[in-house]
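Novice: how does the following fold in three dimensions:
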Amino acid sequence: SSHGEAKVMGRMFSIVPAIVISAGLDKINPYARFGLLVGAFPTMFARYTEANDKGNPVTSLEIYNHYYGGVALGYIAAGGVCFKLSRLISVFTEVQFSHATWSPDHSEITKFTEYEVDKLSTLTPYEKQVDFVSTKYFADPKNSGSPRKELRITVPFSTFAANIGVSFNF
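Specialist: Numbers count the residues shown, from 1 in each chain. Have a look, this model is predicted:
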């Protein structure tokens, strides 16, 4: 019987202006950090594979899709403790949560194989490219020479992390 697998990976460059609220203690100093997260150059890669090695004929399909464009927006919150080792060096540990959402502007299929044969060149721009829009009319004409229009999607970019680091005070 057939089986399919989808893998998704995303990345972005984050700019995080933040406010730190500290207890101001000398040796062990707890703190909280809150900020706005702006994700520049977000991108997402999706890989879909499907195979049926017991069928007649044997089938296989592999599609890579690249999503890009737009800006991710969200927030970040962290809480931790800073341990002062000397006047110049401190060690910190914290837990951090960030949440951002992103709506890509475009999508493009970058790999398309059937039966392990590259079929990407057989796809028209309408079949392999998508421009995401806020409004779509079903009466819009289909143009195989330009990307198709699809309704905008929203993707979460959220993380939970435990951080350990060294702080140098000048």
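
Novice: so what's the nearest residue to D53 once chain neighbours are set aside bridging to?
Specialist: Leaving out its chain neighbours, the residue that sits closest to D53 by Cβ to Cβ, 6 or more residues apart in numbering is S60, at 8.0 Å. All C-beta atoms are positioned from the backbone trio N, CA, C, and that covers glycine. With DSSP bridges as the criterion, S60 is bridged to A51.

Novice: correct me, but S60 touches E114?
Specialist: Yes. Using Cβ atoms under 8 Å, S60 makes contact with E114 at a distance of 7.1 Å.

Novice: contacting residues for the residue nearest to D53?
Specialist: T49, E50, A51, N52, D53, T113, E114, Y115, E116 (Cβ atoms under 8 Å, 6 or more residues apart in numbering).

Novice: repeat that for N52.
Specialist: S1, S2, H3, V58, T59, S60.

Novice: mind running it again at 10 Å?
Specialist: Neighbour list for N52: S1, S2, H3, G4, V58, T59, S60, L61 [criterion: Cβ atoms under 10 Å, 6 or more residues apart in numbering].

Novice: go through those residues and say which is closest to I19.
Specialist: The nearest member of the contacts of N52 to I19, counting by Cβ to Cβ, is G4 at 45.5 Å.

Novice: so that closest one sits in a strand?
Specialist: Yes. Judged by DSSP: H, G, I helix; E, B strand; the rest coil, G4 forms part of a strand.

Novice: gap between it and T122?
Specialist: 22 Å (Cβ to Cβ, to the nearest Å).

Novice: again with P104
Specialist: Taken as Cβ to Cβ, the span from P104 to T122 is 25 Å.
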